[in-house]
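Asks: sequence plus predicted model, see below.
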Amino acid sequence: MNLDEYYKTTREEKLIFQIPEHMEDHLTSATRLLEKIQEFSEIEQALETKKEDFEMRMEHLQQRRAELERKESQLKESLEKFNKILQENIVKKNHAIKKANNERDFKKTKDKDIARLQTECENLKQVFNRKKKRHDSYMILVSFLMKVLTKTDEFNEIRDIIKRYDALSSTYNDLVEMDTKTQKHIEYIRHSDTRNTEEKHNEILGYNNQLSVLQLEIKKQVRNALHWESKWNHIQNTATKEALTLGRIKIVTLNLVNVIKGYKGQAPTDDTTTLQQLNYIKIFGEDLSKTVQSILNGEQDETAGTMSVEAKKKTQPK
């Protein structure tokens, strides 16, 4: 609430009052005016008093506000100083933690170096002990070689004995290597001979199987030849029979020619004479006989070759 509002409110409160009813008739307008003037002066005095009181309160509030602003400023400064100190403490803390971590890592590194050096020291001790043992064993050999020199005139120094030993060792190693190579070569030859024997045996079995198949085919062809030859003889024996028999012979001859042509993969025909057909059958029989004879001759040659190969193998030294 400001000063004008306060003044208006107070004035309204002073102006609102009740005049007794029995005195309203006796009051004159001048009296009423005096009363109004007195009321206005009282109101003004009261307002002045209120105004002074209000101004004092406002001044007091201004002072309190200034004091609060001053304290707030001081509090902000204190807070900024505290934050600055806190940040410095955090930086110092981080630096201390980093330094401690570095020192810890440095200590771990040094501990590892110490452990490594201790391990190396132990290894060097072991190497020294091995070298010492070897040296002691060599000293035994040196004393032995000195005794050998004193008992023989073949060597003048220990170095000569060592050279002789190296030469003998080299010769022995060469002989061992040569023997190993010889044994490997012998083993290779043995395996090669075994493999070749198996291959030849498999080839012989294959040839025997082919020979069996050819023999069966020859027997089949011979049976067919005998069969057709029997029919041909029967046709010749019955050539003087009646015309019906002759017709049957022609039919059989034609059928036989067609069978032969079917065997040869040719199309059957009936535009030839019976004589031509018989000649055709005869030529086929002769060709078939020659084929059978050549097959038999080839079989005999293969059998003779196989027997000669087996005879050579038996005569060769193992």
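Replies: Now that the structure is in, tell me what you want to look at.

Asks: how far away is residue 97 from residue 88?
Replies: For residue 97, the distance to residue 88 (Cβ to Cβ, to the nearest Å) stands at 15 Å. C-beta coordinates here come from the backbone N, C-alpha and C atoms, glycine included.

Asks: please disregard the earlier target; I meant residue 249.
Replies: 140 Å.

Asks: who touches stretch 277-291?
Replies: Residues outside stretch 277-291 that contact it (Cβ atoms under 8 Å, 6 or more residues apart in numbering) are 221, 224, 225, 228, 229, 232, 253, 254, 256, 257, 260, 272.

Asks: among those residues, name the least confidently predicted one.
Replies: Scanning the contacts of stretch 277-291 for pLDDT, the low point is residue 272. It has 74.

Asks: mind checking the SS state of it?
Replies: coil (DSSP: H, G, I helix; E, B strand; the rest coil).

Asks: which residues touch it?
Replies: 257, 280.

Asks: do that again at 6 Å, thanks
Replies: Applying Cβ atoms under 6 Å, 6 or more residues apart in numbering, we find residue 272 in contact with no residue.

Asks: restricted to helices, list the contacts of stretch 277-291.
Replies: 221, 224, 225, 228, 229, 232, 253, 254, 256, 257, 260 (DSSP state H).

Asks: pull the most distant pair out of the residues you listed.
Replies: Greatest spatial distance in the ones in helices among the contacts of stretch 277-291: 221 and 254, 22.8 Å, computed using Cβ to Cβ.

Asks: more neighbours: residue 249 and residue 88, which one.
Replies: Between residue 249 and residue 88, residue 249 has the larger neighbour count (other Cβ atoms under 10 Å), namely 18 against 10.

Asks: got the domain ranges for the protein?
Replies: Split into domains by automatic domain parsing, the chain comes to 3-17+27-86, 209-315.

Asks: quick one: buried ones out of the contacts of stretch 277-291?
Replies: 225, 228, 232, 253, 254, 256, 257, 260 (16 or more other Cβ atoms under 10 Å).

Asks: quick one: which of the residues you listed is nearest residue 48?
Replies: residue 260 (163.6 Å).

Asks: quick check: chain neighbours aside, which residue is closest to that closest one?
Replies: Leaving out its chain neighbours, the residue that sits closest to residue 260 by Cβ to Cβ, 6 or more residues apart in numbering is residue 284, at 5.0 Å.

Asks: so for that neighbour, what's the pLDDT?
Replies: So, for residue 284, pLDDT stands at 81.

Asks: try residue 3
Replies: 48.

Asks: same question for residue 239.
Replies: pLDDT, read off for residue 239, is 58.

Asks: again with residue 177
Replies: 90.

Asks: next one: residue 309
Replies: So, for residue 309, pLDDT stands at 57.

Asks: likewise for the one 4 residues further on?
Replies: Note for residue 313: predicted pLDDT of 59.

Asks: where along the stretch 101-250 of the chain do the helices fall?
Replies: 158-237, 243-264 (DSSP state H, counting those that start in this stretch).

Asks: these: which one's closest to residue 118?
Replies: By Cβ to Cβ (comparing all of the helices of the stretch 101-250 of the chain), the closest turns out to be helix 158-237, at 39.7 Å.

Asks: which elements pack onto that closest one?
Replies: helix 274-315 (3 or more Cβ pairs under 6 Å, 6 or more residues apart in numbering; DSSP states H and E).
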